[in-house]
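Asks: Here is the input, now give the coordinates:
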Amino acid sequence: MIPSREEAHRLLEDAERSNLGPWVKHSKAVAFCAEKIAMNCVGLDAEKAYVFGLLHDIGRKFGVKHLAHVYDGYIYMKSLGYDEVARICITHSFAVKSLISYVGNCDVTEDVKLFVEEYIEKTQYDDYDRLIQLCDAMGSAQGVVSVEKRMADVKVRYGYYPQEKWDKHIELKGYFSQKVGKNVYELFCEKDLLNEEGGCA
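Replies: Residues are numbered from 1 along each chain as shown. The predicted structure follows:
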C-alpha cells in the first residue's frame, strides 16, 4: 500500500517542520523526475513513481543523519503501513548493493547495519527501485540536473564518490533512456533541466 499524492505531501510537510533543509526541495525534484520518466515508460505507474520520489528521503524527518536516514524512513513508513515506500527508503541509496558504496557516514548500530546489508542483498530490484535510484541522482535542491553534474556535486561535498556507483548511475540513465526511446534528458524542457544537456522534448 502507498499513500495518495495528497497524503504524501502532508507527510513531507510534516517532516519539513521537524527538520528544515534542502532535502525537501531535493525530494520534490526527485518526485518530478520520477513522474515524468514513468509517464513515458510502459508498465510504470506515474502516480506511484511520484509518491516514491517524494518520500524516498522521509527518514530525514528525524534529523540530520547519513545512513541512518534510510533505516529511519523504512521504520517510519512501515509503522504507517506503507511497505512499498519503506522499501524505497532503503533501496534508493543502493544502486550498487553494497554498504561500501554508500556516500556518507555509517551512523547506525551494528544491528541496523546488518539489517540494511541483508535487506539490500535479498531484495530483487524492480523498475521502481531503479527509477528512484536514477532520479535521486538527477534531483537537486535547485531542480533537475544531469546525473554527471549531481554526482560531481556530491563528490565535492563528501570528498569522494565510488566509481562503481558512478558507473551504475550512468548505466541506469542508459537503461531508462532505452525504455523511453530517447535520452531521458530530452523529457525535460530547459526550464526543468538545469544544465547544458537539456532541451525540450
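Asks: CA only for contacts and neighbour counts going forward, please
Replies: Noted.
Asks: Pull out the buried positions in the lowest-mean-pLDDT helix or strand in the chain.
Replies: The weakest-scoring helix or strand in the chain, judged by mean pLDDT, DSSP states H and E, is helix 147-158 (a mean of 83). Buried residues in helix 147-158, counted by 16 or more other CA atoms under 10 Å: 147, 149, 150, 151, 152, 154.
Asks: Identify the farthest-apart pair in those residues.
Replies: Based on CA to CA, the longest span within the buried residues of helix 147-158 runs between 147 and 154 and measures 10.7 Å.
Asks: Okay, residue 50 and residue 121: tell me how far apart.
Replies: Per CA to CA, to the nearest Å, residue 50 is found 25 Å from residue 121.
Asks: Neighbour count for the two, which is higher?
Replies: residue 50 (27 against 12; other CA atoms under 10 Å).
Asks: Report pLDDT for that one.
Replies: Reported pLDDT at residue 50 in the predicted model: 98.
Asks: Can you identify the element that follows the strand or helix carrying it toward the C-terminus?
Replies: Per DSSP states H and E: residue 50 is located in helix 46-55. Later in the chain than helix 46-55, the nearest helix or strand by DSSP H and E is helix 68-79.
Asks: For that next one, what does the pLDDT average out to?
Replies: Averaging the model's pLDDT scores along helix 68-79 yields 97.
Asks: what helices or strands is it leaning on?
Replies: Applying 3 or more CA pairs under 8 Å, 6 or more residues apart in numbering; DSSP states H and E, one finds that helix 68-79 makes contact with helix 83-91.
Asks: Am I right that residue 43 falls within a strand?
Replies: No: under DSSP: H, G, I helix; E, B strand; the rest coil, residue 43 falls outside any strand and is assigned coil.
Asks: Now do it, the pLDDT please.
Replies: For residue 43, the predicted pLDDT is 95.
Asks: what about it, neighbour count?
Replies: By other CA under 10 Å, the residues close to residue 43 number 9.
Asks: give the contact list for the spatially closest residue to residue 81 that is not a sequence neighbour.
Replies: Closest residue in space to residue 81, ignoring its immediate chain neighbours: residue 1 at 6.9 Å, by CA to CA, 6 or more residues apart in numbering. Listed by CA atoms under 8 Å, 6 or more residues apart in numbering, the contact partners of residue 1 are 81, 82, 83, 84.
Asks: Quick check: the farthest pair among the residues you listed?
Replies: 81 and 84 (8.8 Å).
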